[in-house]
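Just the structure for this:
(3 chains)
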Amino acid sequence: MSMAVGFGLLGLLAVLSGAAVFWVNSMARATYALALSFVAVGLQVLFLQQNYVGVVTILMMVMEMAIMAVYMVMFMGMNPALMPMSMVHSNKAALGIAVATFLALAAGVLLIDWPTRRGTPAPDVTAALGDALMGSKMLVMVVTSPVMVATIVAGISLAQHRTRYDRFGDDLTQRPSHDTQPGGGGR
Amino acid sequence: MPDEALRTLAPAWSAVALLILGALTVAASMLDGVLAARSHGAPNGAVRPFGEAARLMRQRRRTTVEADTLLWRTGGAGLLVVAALMVTVVPLGRWTLFDLDVGVVWFNALDVVVWALVWLTGWGANSAHSLVGGYRFLAHGLGYELPLMFALVCPAIAATSLNVGRVAAAQDGLWFAVWMPVAFVLFLLGVVAFSVWGPFSPAIGSDIAGGARAELSGVDRLVFEAGRYALLAAGAAFAVPMFLGGGAGPLLPGWLWTLVKTLVVLGLLVWLRRRVPAARPDTFMEVGWLVLLPAALLQTLVVAVVVVGRG
Amino acid sequence: MTLELTLILAAAIFAVGLYGAISQQVVVMVMMGLELMINALILAAAGFWWFLAPNPTGQVLLMVILAVMTLEMAMGFAVATLLHRVRNSDMTDMATDLSG
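Modelled structure (predicted):
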């Protein structure tokens, strides 16, 4: 019973802090409200006995939100810590769509006759996940890795505005390189 | 000793864990006081932390214009909470508070939370220097976090478990610190870094008027400083089951060995503060990614090969 | 703790995220909406796994969702950076070149 209450409260926290993301006036608060929502969901996943996934979700998302806050501050051309911001378009339509989506999903959840539970969890769920990733479901890892690498390359080539000619000069001979931000490696 | 199964204690025992963490925190600050006094040639360094604490408790709390108090206080007080949550998975002899099967990842997730907390402390004050300090910490974080992660991966691979108790038990006879020294050093580096300590203290450096803690005063500053020492203590405590064989040792009982080893590691980390130059946030990233990360990956490879070879 | 409760919570998080993704003008805020929607997917997938079919391999889906989230972040930040540099703006309304 106390488990169910804790689970429900965490869920409520996840929903409310998720809503706070679009409601609060400060970028830092919005970002960390989202982080709070992720932490709540990560803890809920712990309730659902998937310890590794739950803790990794918290790890990844807190880190990501720490970086996201930096981007928010960097790109917002104003200081929403000092002035309220309302930067929305088609607000009413969006609200309508969101509410309709929720009602449709909730109706589906309640009306569908869910099947009974099949199978039992492995004694060590985390080890089972590792075995699956490195065994029967290895294709997932094999596909994910090149996609990740492609993302890194694509992300850098999109975000980078300086080429190697900017760094090393027109005939690529300039050493050390001409960088706006020197690294620590002395290249 | 390592063969015995861990016993999970009732939650009420967490008060004892907090007391131990508090004692370690006080010990670390006293040692730092002694070292600081010695470097200035002043007597009675050991009582300096108490005087400082008394001064801060009497100090009036300053505040800044348009400070985001909620985030600011969360950041400052959070460090202590994170340190307390870290030690819940550290077994003391054969007792533990929280026998989580993914304890190593738990520790890792908590040390990432420190990123958020230090940045929030810098942001919340709505002051330029303190925000610069917050950014400096994130810049360090991008450099040290991945090597730290792979340093944590090494003992887990060798023990074939993410459970802290099992990692400690797997070092029967040979400590992981001995045959994975790179991982051990990188782990200690990570502990120093997430405690904003020694070489990683530019985030609170005096060149930016105290950085992330510039505007903290009174009790807030006391809690922030205590949080840093507590993080250092929690990291040292976590090094014991991960790399130093947990409670294994002759004569003394396991819990005492754990405490002794923790104190030794903690003393080393405190002492390092005055022995290592600062890592500049703008240049450390490249060091982290081009030197430390490859070193950590090679260490992981070596460990994996050894584990496979052992069967 | 039932499947219905888990899924309704997930649906609520998803709807909030959808509202944000549609209504927000700033690219990074749109990304936050998308993240919330993926957050709901994590909860729903974890619920399905535990309540319907807790077989050993089912958790792989959650790892895929986490990977999708990192890809979304990386590409989102890259595009936001590019948009900011080229258009000096971070608003979706200024990047309508492909709209019909």
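
in stretch B:301-311, what's buried?
Residues of stretch B:301-311 classed as buried: B:Val303 (neighbour count, 16 or more other Cβ atoms under 10 Å in any protein chain shown). Where you see a C-beta, it was placed from the backbone N, CA and C, and this is true even at glycine.

how about that stretch, does it reach chain A?
No - Stretch B:301-311 stays clear of chain A (Cβ under 8 Å from any Cβ of the partner chain), getting no nearer than 12.2 Å.

and for that stretch, what are the contacting residues?
Here stretch B:301-311 makes contact (Cβ atoms under 8 Å, 6 or more residues apart in numbering or on different chains) with B:154, B:157-158, B:160, B:179-180, B:183.

What's the ChimeraX line that selects buried ones from those?
To isolate the buried ones among these in ChimeraX, judged by 16+ other Cβ under 10 Å, type:
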select /B:154,157,158,180,183
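
Switch the contacts of stretch B:301-311 over to JSON lines; also include distance to chain C, pLDDT and secondary structure.
Shown next, in JSON lines, are the contacts of stretch B:301-311 (distance: Cβ to the nearest Cβ, whole Å; pLDDT from 0 to 100; DSSP: H, G, I helix; E, B strand; the rest coil):
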{"residue": "B:Cys154", "distance to chain C": "22", "pLDDT": "92", "secondary structure": "helix"}
{"residue": "B:Ile157", "distance to chain C": "18", "pLDDT": "90", "secondary structure": "helix"}
{"residue": "B:Ala158", "distance to chain C": "23", "pLDDT": "89", "secondary structure": "helix"}
{"residue": "B:Thr160", "distance to chain C": "17", "pLDDT": "86", "secondary structure": "coil"}
{"residue": "B:Trp179", "distance to chain C": "31", "pLDDT": "88", "secondary structure": "helix"}
{"residue": "B:Met180", "distance to chain C": "27", "pLDDT": "89", "secondary structure": "coil"}
{"residue": "B:Ala183", "distance to chain C": "25", "pLDDT": "92", "secondary structure": "helix"}
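
Let me know the closest of the contacts of stretch B:301-311 to A:Tyr165.
B:Ala183 (40.0 Å; Cβ to Cβ).

Can you give the distance of the worst-scoring helix or strand of chain A on mean pLDDT from its chain's centre?
Ranked by mean pLDDT, DSSP states H and E, the helix or strand of chain A with the weakest confidence is helix A:164-168, at a mean of 81. Its chain's average C-alpha position is 34 Å from that of helix A:164-168, according to Cα atoms, centre = their mean, to the nearest Å.

who does that helix touch, helix- and strand-wise?
Using 3 or more Cβ pairs under 8 Å, 6 or more residues apart in numbering or on different chains; DSSP states H and E, no helix or strand is in contact with helix A:164-168.

List the contacts of the one residue sitting closest to the centre of chain A.
The structure's chain A has its C-alpha centroid closest to A:Met61; by Cα atoms, centre = their mean the separation is 5.3 Å. Residues in contact with A:Met61, defined by Cβ under 8 Å, 6+ apart, are A:35, A:38-39, A:42.

Low-confidence ranges, chain C, go.
The model of chain C has pLDDT under 70 over residues C:89-90, C:92-95, C:98-100.

what does the least confident helix or strand of chain A contact?
With contacts defined as Cβ under 8 Å, 6+ apart, helix A:164-168 is touched by A:172, A:174-175, A:177-179.

most neighbours, which of the contacts of A:Met61?
Using other Cβ atoms under 10 Å in any protein chain shown as the neighbour test, the contacts of A:Met61 are led by A:Gly42, with 27 neighbours.
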